[in-house]
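Q: pasting the sequence and the predicted model now:
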Amino acid sequence: MQGIVVIKCGGSTMDQLPDSFFQAIAGLQAQGQEIVIVHGGGPAINSMLDRVQITPQFVDGLRVTCEDTLRVVEMVLCGSINKALVKRLTQAGAKAWGVSGIDGQTLLATKTSKPLGWVGEIKKADTTIPKAILGQGYVPVIAPLSVSEDGTETFNVNADVAAGAIAAALSAEKLIMVTDVPGIMQPQPDGTKAVVPATSAEEIQEMIQAEIITGGMIPKVQAALDALGQGVEQVVICRGTADDLLGVCAGQGVGTTVRMNVNYA
Ligand SMILES: Nc1ncnc2c1ncn2[C@@H]1O[C@H](COP(=O)(O)OP(=O)(O)O)[C@@H](O)[C@H]1O
Ligand SMILES: CC(=O)N[C@@H](CCC(=O)OP(=O)(O)O)C(=O)O
């Protein structure tokens, strides 16, 4: 592989990520593969909100973010989660450098017009900082906070959306969305659920309408389609294991590959 690989680490799976996953990233980095990590941390934010007695609230997978919630989001994502990931990568032998979307205005945003409070809509992803970090031989580890153009306001951004915007701005070869499920799951006639190996914008719309895709999977698939629309070559939703990560990098059929349309190779 030549192009940049963006890995989005979902908060859902953060506590379960095995050492071998980080060792796989270290191995890829040692082979010269440029990797950028964008991370979430939804469950850790929820636990901290619980400790300060704020009830989490979501609309279509996006957190309603009042001022107090924003403080907690910034503290958890830029603080404990970002540093925990940098440490795990370091222990695995990778070189990692943690930043947030605020740093260098990597994620420039305006406040959403939706009734979600301090949630940002990304206007521009600036690749100066991620590229500078890559240029120094480190994996940028990016927390999904965003900042206003004048630098006065911070906004919360869903990590899938942040990863999609950064992958698009970097013209990444692959966006790998690592989560706690093996891909998009669909109910089968026998009552079980199976991973959808590949899907399209049209099928995704149908699955959202049929409530097969719900909650946090909604921003994920929307971000995947946006990234493809902006030139990212491949988007895969899969689990956070070394096998899945290396399988996607090797072009094997792992997880769910999201495509713009069914006939698009
Ligand atoms: N069709 C679906 N297939 C798989 N997961 C789905 C689907 N619809 C909703 N989900 C939910 O989406 C979750 C992943 O989104 P989220 O919790 O936001 O994870 P992350 O923190 O990794 O972004 C899954 O754990 C599952 O509960
Ligand atoms: C606006 C919004 O929803 N922001 C997210 C940011 C973290 C995130 O997306 O984490 P996951 O990847 O674990 O879902 C939040 O506050 O939970």
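A: The structure has been received and is ready for your questions. Ligands and ions are numbered 1, 2, ... in the order given.
Q: quick one: the host helix or strand of I176 near ligand 1?
A: Using DSSP states H and E, I176 maps to strand 174-179. Yes. Under the criterion of CB under 6 Å from any ligand atom, ligand 1 is reached by strand 174-179 at T179. Using the backbone N, CA and C atoms, a C-beta is placed for each residue, glycine as well.
Q: could you say which helix or strand holds K114?
A: In the assignment (DSSP H and E), K114 maps to no helix and no strand.
Q: could I get the phi/psi values of the closest residue to ligand 2 within the stretch 101-250 of the chain?
A: Ranking the residues of the stretch 101-250 of the chain by distance to ligand 2 (CB to the nearest ligand atom) places A159 first, at 3.4 Å. The phi/psi pair for A159 (degrees, to the nearest 10) reads phi -70, psi -30.
Q: cool, V76 as well?
A: When read as degrees, to the nearest 10, the backbone of V76 gives phi -70, psi -50.
Q: how about the residues of the stretch 101-250 of the chain by ligand 2?
A: Residues of the stretch 101-250 of the chain lying close to ligand 2 by CB under 6 Å from any ligand atom are 119, 144, 156-159, 216.
Q: among those, which lie within strands?
A: Per DSSP state E, strands hold the following members of these: N156.
Q: got the contact list for A109?
A: Residues near A109 by CB atoms under 8 Å, 6 or more residues apart in numbering: 120-123, 146-148, 155, 157.
Q: need the residues you listed in CSV with distance to G42, pLDDT and neighbour count, can you?
A: Shown next, in CSV, are the contacts of A109 (distance: CB to CB, whole Å; pLDDT from 0 to 100; neighbours: other CB atoms under 10 Å):
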residue, distance to G42, pLDDT, neighbour count
G120, 16, 98, 27
E121, 19, 98, 15
I122, 18, 98, 24
K123, 23, 98, 13
S146, 16, 98, 29
V147, 21, 98, 21
S148, 23, 98, 17
F155, 16, 98, 27
V157, 12, 98, 29
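Q: residues in a beta bridge with Q234, which ones?
A: Beta-bridge pairing for Q234 (DSSP bridges): K174.
Q: what's near enough to touch it?
A: Per CB under 8 Å, 6+ apart, neighbours of Q234: 173-175, 257.
Q: rewinding a little: looking at the residues of the stretch 101-250 of the chain next to ligand 2, which is nearest L108?
A: In terms of CB to CB, no member of those lies closer to L108 than V157, at 10.7 Å.
Q: coming back round to it: among the contacts of Q234, which two are most distant?
A: By the measure CB to CB, E173 and T257 form the most distant pair in those, at 13.4 Å.
Q: below-threshold pLDDT in the stretch 1-150 of the chain: ranges please.
A: Applying pLDDT under 70 to the stretch 1-150 of the chain flags residues 1.
Q: oh sorry, the question was meant for the stretch 151-265 of the chain
A: Scanning the stretch 151-265 of the chain for pLDDT under 70 picks out the ranges 262-265.
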